[in-house]
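need a 3D model of the sequence below.
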Amino acid sequence: MNYLVFDIGGTAIKYALMTETCEFLEKGEIPSYSNDFDDFLSKLEDIFNNYSGIKGIAISAPGKIDSDTGYMFSGGALHYNTGKNLVEILKQKWNLPVTIENDGKCGALAEAWKGSLSDCKDAIVIILGTGVGGGIIKNRKLHKGHEFVAGELSFIINNTNAKKGEPLNMFGYSGGVYNGLCKPVAIKKSLPKENVNGKFVFDLANKGDKEVLEILDEYCYKIVLNIHNLQHIYNPEKIAIGGGISSQPILLEYLNNNIEYLQKNFGNMLPLSKPLLTVCKFQNDANLIGALYNFLNKNSL
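Below you'll find the model as predicted:
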């Protein structure tokens, strides 16, 4: 049986025709920018009309989502999705079973199903992108939390010593690739910020640029401080790092170096536990794979 799977992101709508064994038959993507919700729906309709004989629709999307009912409390970057029940709307339009889950949680499901966490009972996924996405695997199942926000790592407050009225520093800002890595490199190199992206930064890092390596080290230390907290809150078997920059071996090297530093310089006591890091197996396909797994679980296929 074949299924149409959507990964709805802030810049692109990725889609794939997939089998229940996770085989990709076709893949594609279109820009996700839309004028309003109706325009967004028409884009999904255009993709849907290219296929026949599919048995269901699986969706990964940003925002706070009740994945049991399909209601989207927020649409993340796609504000026109806020307050909509995309599942019910598409069920009525296409007369097919439809499921939806938050994108970070889909990434975690993919790794737990067939990825780098498939051998784990309890694990965490940290996805480094524009912000910091994530997901928590508990007893081999996705842990969503009372209000479906478990794993929304961007909202962790880093400067907990802030006084009332002072700005808050969120993990999604300091851990986001642009604000935490690209922007400091642009400032240090006196370059236009729009010209500096992750690829540019890691090209320089891999060439041994000292200034960039210092910034990368500072960035990874901030990530590791949050990893340490997550390790001692949840104590998972592994923590998988995802996002586009996770394909760079030097990132994992610097993260592990900073874990070692923190372990050795923790003051008068040792940390109770040491995080074990791995890299997500699935990069750009993670949300598609996780969305399909979510569909198969909910429909008992």
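
please make it C-alpha for all contacts and neighbour counts, starting now.
Noted.

I'd like to know how far E111 sits from D217.
Remark: distance between E111 and D217 (CA to CA, to the nearest Å) = 26 Å.

these two: who's more crowded?
Taking neighbours as other CA atoms under 10 Å, E111 and D217 compare with E111 leading, 28 against 19.

hang on, Y33 packs against T11?
Yes. Y33 is in contact with T11 according to CA atoms under 8 Å; the separation is 6.6 Å.

which one of the two has more residues nearby?
Y33 (15 against 12).

in terms of helices and strands, where is that one?
Under the criterion of DSSP states H and E, Y33 resides outside all helices and strands.

tell me the contacts of K144?
Counting by CA atoms under 8 Å, 6 or more residues apart in numbering, K144 makes contact with 136, 150-151.

one more time with 10 Å
65-67, 101-102, 105, 135-138, 150-152 (CA atoms under 10 Å, 6 or more residues apart in numbering).

of these, which belong to helices?
K105 (DSSP state H).

with neighbour count and distance to E29 added, can I get the contacts of K144 in JSON lines?
Listed next are the contacts of K144 as JSON lines, based on neighbours: other CA atoms under 10 Å; distance: CA to CA, whole Å:
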{"residue": "I65", "neighbour count": "27", "distance to E29": "23"}
{"residue": "D66", "neighbour count": "18", "distance to E29": "25"}
{"residue": "S67", "neighbour count": "18", "distance to E29": "23"}
{"residue": "E101", "neighbour count": "31", "distance to E29": "19"}
{"residue": "N102", "neighbour count": "31", "distance to E29": "19"}
{"residue": "K105", "neighbour count": "31", "distance to E29": "21"}
{"residue": "G135", "neighbour count": "27", "distance to E29": "24"}
{"residue": "I136", "neighbour count": "27", "distance to E29": "27"}
{"residue": "I137", "neighbour count": "23", "distance to E29": "28"}
{"residue": "K138", "neighbour count": "16", "distance to E29": "32"}
{"residue": "A150", "neighbour count": "16", "distance to E29": "28"}
{"residue": "G151", "neighbour count": "24", "distance to E29": "26"}
{"residue": "E152", "neighbour count": "23", "distance to E29": "25"}
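
wait, which of the contacts of K144 is closest to N284?
Nearest to N284 among these is K105, at 14.3 Å by CA to CA.

from N256, how far out is that closest one?
24 Å.

can you show me the strands along the protein?
2-8, 12-19, 24-31, 57-61, 65-66, 71-72, 98-102, 123-128, 132-138, 141-143, 238-242, 277-279 (DSSP state E).

from those strands, which stretch is densest packed?
Highest mean neighbour count among these (mean count of other CA atoms under 10 Å): strand 98-102, with a mean of 28.

mind listing the strands that strand pairs with, and their directions?
Using DSSP bridges, strand 98-102 pairs in its sheet with strand 57-61 (parallel).

off-centre distance for stretch 261-271?
How far stretch 261-271 lies from its chain's middle: 29 Å, per CA atoms, centre = their mean, to the nearest Å.

now do that stretch, average pLDDT.
Averaging pLDDT along stretch 261-271 yields 86.

mind listing what's buried along it?
262-263 (16 or more other CA atoms under 10 Å).

what's the end-to-end length of that stretch?
Its start and end residues considered, stretch 261-271 measures 12 Å (CA to CA).

who touches that stretch?
With CA under 10 Å, 6+ apart, stretch 261-271 has contacts from 221, 224-225, 228, 231-232, 255-259, 272-275.

so which of those are in helices?
Those of the contacts of stretch 261-271 lying in helices (DSSP H): 221, 224-225, 228, 231-232, 255-259.
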